[in-house]
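Q: One predicted model, sequence on top.
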Amino acid sequence: MKPISLVILGLVLASCADDLCGNDLIYSVSNYNGSKEALVFVRNCGATTDYSIHVSILSLDDGIPRESGNTFIADSDHGKAPTAERNALQLKIEWTARETVTIIHSSDARVFKSETSVGDVSVVYQSD
């Protein structure tokens, strides 16, 4: 195969990668005025990957995203951190103000993404 063909094939496969993954909602928590919610979901991309837990902060009626979480992504680091439903990392979400959410997770979690703000929402993290 020519090098340019390999590059094109790689781009096509990369663009399809998200289609191979599925998101399953675990729970959601609305803010005080009901305008936003933090969705906690498991993302499963096949047998070769660990279940990862994702958090997205969205408008109330946006529904479950098809892509990765926009706020927080972590896993149990192969069982080092406690897991709960669907073998996903235990996670607790609390809205501590109208535009502030706290995400509480195990200090043994392997964290891949931890945004400190999403739009006008501030995100605070605590490890237990």
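A: Happy to help now that I have it.
Q: who touches stretch 79-88?
A: 24, 26, 42, 51-53, 75-76, 89-91, 105-110 (CB atoms under 8 Å, 6 or more residues apart in numbering). Glycine gets a C-beta too; all of them are placed from N, C-alpha and C.
Q: Can you flag which of these belong to strands?
A: Secondary structure assignment by DSSP state E places Asp24, Ile26, Val42, Ser52, Ile53, Asp75, Leu91, His105, Arg110 of those in strands.
Q: Looking at these, which is nearest Thr116?
A: Comparing those against Thr116 with CB to CB picks out His105 as the nearest, at 14.9 Å.
Q: which SS state does the residue lying closest to Thr71 once chain neighbours are set aside fall under?
A: Distance criterion CB to CB, 6 or more residues apart in numbering; nearest residue to Thr71, sequence neighbours excluded, is Val55 at 4.5 Å. For Val55, the secondary-structure state derived from DSSP: H, G, I helix; E, B strand; the rest coil is strand.
Q: Val55: neighbour count?
A: Here the count is done by other CB atoms under 10 Å, and Val55 has 26 residues near it.
Q: before we move on, what about the one 5 residues further on?
A: As a burial measure, Leu60 scores 13 neighbours (other CB under 10 Å).
Q: That's all I had, so thanks and see you.
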